[in-house]
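sequence-free structure coming up:
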């Protein structure tokens, strides 16, 4: 900023102090602008979460974590509009998990959730607000753990033992 001034002002102590004060103000505004930008995403929202909850009519339960509150807010925003199976899947996918599949068979909405990090009760409440009231909902949750499996044989006396690592994921 000082380098854009005429040469005779570049070394003036008063001008240098004024430029330093302006730099501090601009740096503070830049930090606030970055903070506001993070509030626009439902994955990074922090201090504006209470505002969004108030706008959508959500009252979070006592002791709810930041992730649980974000998931409930995502589900509420995704539940707007015409109800489709994809919309129901998106509402259920608001909670962290590996995958969510939704299907409709014999008049029942089925949700198949793999490695859910949360409660199926929260998902059931959110989906009940979206789905048609006369259709029942069934949620199946599966937890998979990735681990290495080794296969081999028992050696006889004097034999060497060879192990192979098998990827089961």
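That came in fine, so what should we check first? Here the structure is a predicted model, which means the values were calculated and not measured.

now stretch 62-79: buried residues?
Neighbour counts over stretch 62-79 (16 or more other Cβ atoms under 10 Å) mark 68-76, 78-79 as buried. Quick note: C-beta positions are derived from backbone N, CA and C, even for glycine.

so who does the most centrally placed residue in the chain touch?
Among the residues of the chain, the one closest to the centroid is residue 43, at 4.4 Å (Cα atoms, centre = their mean). Contacts of residue 43 were listed using Cβ atoms under 8 Å, 6 or more residues apart in numbering, and they are residue 70.

so which elements touch the longest helix belonging to the chain?
The residue-count maximum for a helix in the chain (DSSP state H) belongs to helix 13-38. With contacts defined as 3 or more Cβ pairs under 8 Å, 6 or more residues apart in numbering; DSSP states H and E, there are no secondary structure elements packing on helix 13-38.

next structured bit after that helix?
Sequence-wise, the next helix or strand beyond helix 13-38 is helix 49-56, with elements assigned using DSSP states H and E.

show me where this protein has strands.
Listed in chain order, the strands of the chain (DSSP state E) span residues 99-105, 108-114, 137-142, 148-151, 164-167.

out of these, indicate the one that is most buried.
Among those, the stretch with the highest mean neighbour count (mean count of other Cβ atoms under 10 Å) is strand 108-114, at a mean of 18.

contact partners of that one?
Taking Cβ under 8 Å, 6+ apart as the rule, strand 108-114 contacts 85, 88-89, 92, 97-104, 120, 123, 127, 131, 135-144.

mind running it again at 7 Å?
Under the criterion Cβ atoms under 7 Å, 6 or more residues apart in numbering, residues 88, 92, 97-103, 131, 135-142, 144 lie in contact with strand 108-114.

same check, this time on stretch 82-96
Outside stretch 82-96, the residues that touch it by Cβ under 7 Å, 6+ apart are 71, 74-75, 78-79, 81, 100, 102, 104, 109, 111, 113, 116-118, 122-123, 126-127, 130-132.

so who does residue 124 touch?
137, 139.

separation between it and residue 104?
When distance is defined by Cβ to Cβ, to the nearest Å, residue 124 is 16 Å away from residue 104.

what's the answer for residue 47, then?
Relative to residue 104, residue 47 is positioned 39 Å away (criterion: Cβ to Cβ).
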